[in-house]
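Participant: return a 3D structure for these sequence lines:
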Amino acid sequence: MPKLIAISTLLQPPILRTGLLPQTSQKPPSAKDIPPVTLTNIPHVDPSVFIPYLKQAGSLYEAFQRAKEEDGEGSTLDRAPSRSSNNEQSPALISSSQSRRQASASRSPSLESPAIPHGSSAERPQLKRQHTGRRRGTLPIAPLSTIPPVYFEPDFRLENPRVFDIVSERSEIARRPESDQRTATFNGRKALANNAILQEKLSWYMDTVEVHLISSISTASSSFFAALKSLQDLHQEAAASVAKIKSLRTDLVTLDKDMAQGGLKIVRMRTRQKNMRKLGDAVQQLREVVEVIARCEEQTDRGDVEHALEEAELAQSLIAGEASNPNTSKLKSLGSVQGRLIDLRGVNALQGVGDDIAYLKQRIGRVFGARFLDVLLGDLRHHVDSVSPNVTFERWDTAAQRSRGSHIRKPSLYPAYLQIPETLRSSLQGNLEGLAQAGCLKQATTAYRDALWREIKTLIRRHLPSSNDDDMESTMSASTQGGRRMTQQEKSSILARNLRDLDLQDAEDMLRKIYSNVGEALRRLGTQVKVVLDITSSFTSPSNRNSSLTYPRSPAPAASDDYMTVTRPSLAVQTSIQQADIQQTLDMTNLLGQAVDIAQTQVTKILKVRAEQSSNLPLQEFLRYFNLNKLFADECEAVSGRGGAALKTVVHAHIKNFVQRAGDAEKQRLVESMDSDRWDAKDFSELHAKTLKDLVTAATQEVEGWPKGTIVIDEAPSKSNIREEPNGFEQVAKDKVKSANLDDQSFLLPQSALGVLCGIVTFEQIIAGIPSMTNEITISLLDYLRLFNSRSSQLILGAGATRSAGLKNITTKHLALSSQALSFVTSLIPYIREFVRRHQINAQGLMIEFDKIRRLYQEHQAGINDKLVDIMSNRATTHVNAMRKINWDASATSEAVSPYMETLVRETATLHKVLSKHLPDMIVRSIMNPVFSNYREQWHKAFAEVEVKTPAGKQRIVRDLEYFKTRMDKLDGADGIGEAVAEVLTDKTTDVGKLSADQVDPTERKLANGEAPKTSSIDGSA
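Facilitator: Residues are numbered from 1 along each chain as shown. Have a look, this model is predicted:
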């Protein structure tokens, strides 16, 4: 049987059956693709020029024609009627085609006889002439691969310059003049018109393609007829199948008439019977719905919302056709219908019932919402009223100390705000379940949130003073008032006035109650929200709740007759929606944050009204006020995570005002104390000793006795007044004055130094109580220390105390006590410095300022010491001048020591005694050594200049020097000064006279009463 060939194969172009790609159209090249061509001017040649050539080639042309005719006859004989095979036809066609093209080439008048290379395609036509008249053998078909591949390219377009150049083998299009032909021949490019080899190649290519086309057609002819035979057989089989189908249809029509229609009628009647039964069940179900709704309305009116909600759920279950509701089993009237409940939500008669049930549920939800609100607000108020403010502030203080790293062991108590009674939880669960079934959870939680914000304002408002002016109303007659009600602005004005009129204790009690109540309310609020969310998170079981949402669905394919069956989303989906609404409404962070904002807004208004009174509080009361606000702000931040910028800004402004006022008050108090100070040594009492000990301790650790104010409970604040007025000191004998001991040194201090000590401790107490203001308070403290230094210089070195305190003059004692006060404060500066470093993180700049002040004090103290040395030097110079005026050789009235020497020794001894009493030994030596050195220098020179001529005069000098030596040797640091001065008397003559005692200068006696003489640098007198 011949191989079946598809008809579609015959319809394909021959080129596809050869396996080659068809030619596709290509976009003509544009002007940019064609390179510019320079056209050659072809000269005009007269035809007469070719006459000699034609005559010469005429004989050759005639011979060519005769050969052509003979060749044509031989070809006719070879194409006799025998076509035994396709292989014999192809060579003949090729030969004839080649012969025609060869003859055409021979007849060309412009054809030259180029040398054809051996083996080229041009040799094949010559074979025909050699075998003319004989039958030629079969030649093989040239393969398509002999044709250049450019002809088979999909984008082959001859107008493409590149393609044309390849096809023409780079031949010249126009013939060049003879002068240029040599150059063209040299370049290897020929004229296109004279390139016979190219023309033969093109003819060969066309013949090769033609032969392959003929071969493909002849090969496909047998397949074509085989496919045609297959098509005829297929047509016969199709005709037989059509006849069989026609017979089968006739049999089916007969079967349909006899059996199918009767069976369908029975099925329709059964379906009708089933639908009639469903209709009766639906009517019975509808009657139950009406009765249940009526009972629900009646129970709602009576307030029995629990049973009313069950009836509403039952009505919805009946309408939805849900037999799984446990309440439907209670309906005895349904009977056997209970298992065949259908969905009635698509019934037109029940279109308004859904709205009625929704309205009943809203009424029920409002009742449950009111109960829910009463339970939570009642619990909140009970908790706030039952917790004492002391308990609240102790808890806050413990948390504050824990945050600072102070671990104080206290009995651990379970906070009251975390204690939830079981009755509260059960009540909340019942109300929340009712709200969930009524679909009013979101409305109830929203109402609870709004009520909480109002309750926060109420908690603050109930502790404020009255906003009604009772005194004014009592003095006004009813007729004068005329029944007019005060405006809100008038009430606000009266409330602000009453707030300002509160005394310290009442104002603090008001803030304590407000802060403790609001803090406990916020904590209890967080606990209530957690309980509510915990209860609502358990609403996942559909056993005790049903949904009220109605979402229709398409009929199920297996029960297409249940046309009223619809479905609704599962209870889990609805419960998750309600839980999401609750979580959004009762968002802990947002809810507590807004409650804190409301509370802090109200509190900020109160604090602004009492800004002046708060800034003028005493130290301990202000520290309690500051810590009260700080604990409240920290509690609000711990609860809500919000910093409370408005409240902190107001309190910070109060702190700045207080610090400024306290600094100014301390400076004013220091100036007043120093101006009234008579610069006498005061007793360093036990209270001052404790104050000094606290100051030293504060450099390394917290002082237990300082009024931090962190515990703000009902106990009255401790009154530790570290100041004592001068009249409050216990008067004791001068020789029993207690000194201050610091760093193994003793200091006899005046009242001013004690005042400075108390002032420094006051500043440190403020820093310890308000660490955030350390930098500002330290700057004020530095100014305070500079003020003491400058004021003491004005009063002592500038003799200002003679006018402010009524002193007669500035004595050595005053200078010594001033030096002691400066030395005492200088010794305190390192402790103050370390205290500030401990409370301030970046305190490098402040440390430098403390070092500057310490150097300033030391320079001031050195100036006082230099002043004492200058005074004694001036006194020595005065006595030297008085000694030089004595006539030593004059007769003496007595053998007593000269007055100048007696005065000098007494003044020096008095100075040494006063300094030794008030100053340390090291400082005394630092002052007396320069004095003794000055004595040694001046008196040695003065006695060396004295001329004594008589023994009596020499005796007087010896007597004075012996007195000087005896008295000076008793003083510490004066060893050898008398002997050094007495050495000058060994070479003195005795021819000197005497000077009477009454000729001594009066200035020798100015220190007779133990007082230092006035100088221009001390009190302005000579």
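Participant: give the buried residues for the host helix or strand of S827.
Facilitator: With secondary structure defined by DSSP states H and E, S827 is part of helix 812-839. Judged by neighbour count (16 or more other C-beta atoms under 10 Å), helix 812-839 contains these buried residues: 812-829, 831-839. Quick note: C-beta positions are derived from backbone N, CA and C, even for glycine.
Participant: what stretches of the stretch 1-150 of the chain score poorly on pLDDT?
Facilitator: Scanning the stretch 1-150 of the chain with the threshold set as pLDDT under 70 gives 1-40, 72-139.
Participant: per-residue confidence at I1018?
Facilitator: Here, the pLDDT recorded for I1018 equals 32.
Participant: which one's the longest helix in this protein?
Facilitator: In the chain, taking DSSP state H as the definition, the longest helix is helix 196-255.
Participant: how far does it sit from its chain's centre?
Facilitator: Here the centre of mass of C-alpha atoms in helix 196-255, compared against the chain's by C-alpha atoms, centre = their mean, to the nearest Å, lies 82 Å away.
Participant: for the helix holding S827, packing partners?
Facilitator: helix 686-698, strand 740-742, strand 745-747, helix 751-769, helix 774-792, helix 844-884, helix 899-918 (3 or more C-beta pairs under 8 Å, 6 or more residues apart in numbering; DSSP states H and E).
Participant: what's the closest of these to G303?
Facilitator: Ranking those by their distance to G303 (criterion: C-beta to C-beta) puts helix 751-769 first, at 58.6 Å.
Participant: just give me how far the closest one sits from the chain centre.
Facilitator: In terms of C-alpha atoms, centre = their mean, the centre of helix 751-769 is set 42 Å apart from its chain centre.
Participant: export that helix as CSV, just CAs?
Facilitator: Taking Å, rounded to 0.1, in the frame of the first residue of the first chain, the C-alpha atoms of helix 751-769 are listed here in CSV:
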residue,chain,number,x,y,z
GLN,A,751,29.7,85.2,112.0
SER,A,752,30.2,85.8,108.3
ALA,A,753,32.0,82.5,107.8
LEU,A,754,29.3,80.7,109.6
GLY,A,755,26.7,82.3,107.3
VAL,A,756,28.7,81.3,104.2
LEU,A,757,28.8,77.7,105.5
CYS,A,758,25.0,77.7,105.9
GLY,A,759,24.6,79.3,102.4
ILE,A,760,26.8,76.7,100.7
VAL,A,761,24.8,73.9,102.3
THR,A,762,21.6,75.5,101.2
PHE,A,763,22.8,75.5,97.6
GLU,A,764,23.9,71.9,97.8
GLN,A,765,20.5,70.9,99.3
ILE,A,766,18.8,72.5,96.2
ILE,A,767,21.2,70.6,93.9
ALA,A,768,20.6,67.3,95.7
GLY,A,769,16.8,67.9,95.6
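Participant: residues in contact with F824?
Facilitator: Under the criterion of C-beta atoms under 8 Å, 6 or more residues apart in numbering, the contact list for F824 reads 740, 742, 747, 749, 753, 757.
Participant: wait, the first one sits on E686?
Facilitator: So the one you mean is A740. No. Using C-beta atoms under 8 Å, A740 is not in contact with E686; the gap is 11.7 Å.
Participant: okay, those two: which has more neighbours?
Facilitator: For A740 and E686, the more surrounded residue by other C-beta atoms under 10 Å is A740, and the numbers stand at 20 against 9.
Participant: distance check, the more buried one against P389.
Facilitator: Distance of A740 to P389, given as C-beta to C-beta, to the nearest Å: 43 Å.
Participant: tell me the secondary structure of A942, please.
Facilitator: Look at A942: counting by DSSP: H, G, I helix; E, B strand; the rest coil, its state is helix.
Participant: for the closest residue to it other than its chain neighbours, give me its contacts.
Facilitator: In this structure, A942 finds its nearest non-sequential neighbour in V880, 4.5 Å apart by C-beta to C-beta, 6 or more residues apart in numbering. The contact partners of V880, by C-beta under 8 Å, 6+ apart, come to 938-939, 942.
Participant: mind running it again at 10 Å?
Facilitator: 900, 904, 935, 938-939, 941-943, 945 (C-beta atoms under 10 Å, 6 or more residues apart in numbering).
Participant: give me the buried entries from these.
Facilitator: Among the contacts of V880, those that count as buried by neighbour count (16+ other C-beta under 10 Å) are 900, 904, 935, 938-939, 942-943.
Participant: that older thread, counting contacts, what elements does the longest helix of the chain pack onto?
Facilitator: Under the contact criterion of 3 or more C-beta pairs under 10 Å, 6 or more residues apart in numbering; DSSP states H and E, helix 196-255 touches helix 7-10, helix 14-17, helix 86-106, helix 124-130, helix 161-167.
Participant: average pLDDT for that helix?
Facilitator: For helix 196-255, the mean confidence score works out to 87.
Participant: quick check: next helix or strand after that helix?
Facilitator: Defined by DSSP H and E, the subsequent element after helix 196-255 is helix 261-302.
Participant: returning to what we had before: make TSV out of the contacts of V880 and add pLDDT and distance to L911.
Facilitator: Compiled in TSV, these are given as follows (pLDDT from 0 to 100; distance: C-beta to C-beta, whole Å):
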residue	pLDDT	distance to L911
Y900	83	17
L904	85	11
Y935	79	12
Q938	81	16
W939	81	16
K941	81	22
A942	80	20
F943	78	22
E945	78	26
